[in-house]
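S.K.: okay, predicted coordinates and the sequence, questions at the end:
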Amino acid sequence: FLDINFNRPLSVIKEQIQNTPKEKRLIQIKDNYGKIHTLSIKIDNLEESSELFVIVLSDITSLQSKAEKFRKRANYDALTNAFTRRRFHELYQFEFARSMRYISPFCVLFIDIDDFKGVNDTYGHDIGDSVLKDFAKLIMDNVREFDKLGRWGGEEFVLMLPQTTVNDGYKLAEKLRKIIESHLFEGVGFVTCSIGISMIKKGDNPEDLIKRADIGLYKAKNSGKNRTIIEA
């Protein structure tokens, strides 16, 4: 936002506005009730004189609020607040390319709630939704800010861990698994999860890394559940 001091000479204000890209010509003010408004600011010369100009302020608070809602709807899963699959894939492609370019470690975890269909069948979808919401929050509360969680579909999530070796990724996966295993989910009790993990290697394309983590998850599911399996 622009920081404009309207007590300064108008010529200085005019120059500040004109030197700012149009999409960034925004200011915020607080009304008498303490509500913050976002205003767009526009400046035009009057036709009859190049020395005279008019500054127009337009309140775009409601428009910005709607735009933010649309942005959030496109990028974040409404229930769990994890990234949508589409947005996660965009972020993943970027991190994968960066890891390849700088030859830095990069891990992916596929995480799936064990026997989740039974939760829905036994307790109903409202309780199932509550479990999904708490499950995602437990993960996001226990990873780094630049680790990214996406909801892949249903009760399946994907977590990418930039600058993380497979050993450190495994330690984190086990930490998350144990946190979830010991958490008391309201209305259900205890649930567990299975995790597949893979690490980037030379010659990989983005799909290879995801596919190996998915295979690891499949093996974890078919060898007793509630465990982490590395797929090299």
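M.R.: Here it is on my side, so go on.

S.K.: show me where this structure has helices.
M.R.: Counting by DSSP state H, the chain has helices at residues 10-18, 61-75, 85-102, 116-123, 125-140, 166-182, 206-221.

S.K.: show me where pLDDT drops low in the chain?
M.R.: In the predicted model, the chain carries pLDDT under 70 at residues 1-2, 6, 10, 22-24, 45-51, 65, 67-72.

S.K.: give the bridge partners for the residue nearest the centre of the chain, please.
M.R.: Residue closest to the average C-alpha location in the chain (Cα atoms, centre = their mean): Phe83, at 4.4 Å. On the basis of DSSP bridges, Phe83 is bridged to Tyr76, Gly150.

S.K.: hang on, it packs against Trp152?
M.R.: No. Phe83 is beyond contact range of Trp152, at 10.0 Å (criterion: Cβ atoms under 8 Å). C-beta here means a position set from N, CA and C on the backbone, and glycine is covered the same way.

S.K.: tabulate the helices of the chain in a markdown table, adding columns for mean neighbour count.
M.R.: What follows is the helices of the chain, written out as a markdown table (neighbours: other Cβ atoms under 10 Å):
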| stretch | mean neighbour count |
| --- | --- |
| helix 10-18 | 14 |
| helix 61-75 | 11 |
| helix 85-102 | 15 |
| helix 116-123 | 15 |
| helix 125-140 | 17 |
| helix 166-182 | 17 |
| helix 206-221 | 19 |
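
S.K.: of those, which is nearest Val54?
M.R.: Ranking the helices of the chain by proximity to Val54 (Cβ to Cβ) places helix 10-18 first, at 10.4 Å.

S.K.: what helices and strands are in contact with that closest one?
M.R.: Helices and strands touching helix 10-18, by 3 or more Cβ pairs under 8 Å, 6 or more residues apart in numbering; DSSP states H and E, are strand 36-46, strand 49-59.

S.K.: what about Gly34, neighbour count?
M.R.: 6 (other Cβ atoms under 10 Å).

S.K.: which residues does it contact?
M.R.: If you count contacts by Cβ atoms under 8 Å, 6 or more residues apart in numbering, Gly34 has none.

S.K.: also Ile195?
M.R.: By Cβ under 8 Å, 6+ apart, the neighbours of Ile195 are 109-112, 173, 176-177, 216-217, 220, 227-229.

S.K.: a markdown table for those, including distance to Leu159?
M.R.: Formatted as a markdown table, the contacts of Ile195 follow (distance: Cβ to Cβ, whole Å):
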| residue | distance to Leu159 |
| --- | --- |
| Leu109 | 4 |
| Phe110 | 8 |
| Ile111 | 6 |
| Asp112 | 12 |
| Ala173 | 8 |
| Leu176 | 8 |
| Arg177 | 12 |
| Gly216 | 13 |
| Leu217 | 12 |
| Ala220 | 14 |
| Arg227 | 16 |
| Thr228 | 12 |
| Ile229 | 15 |
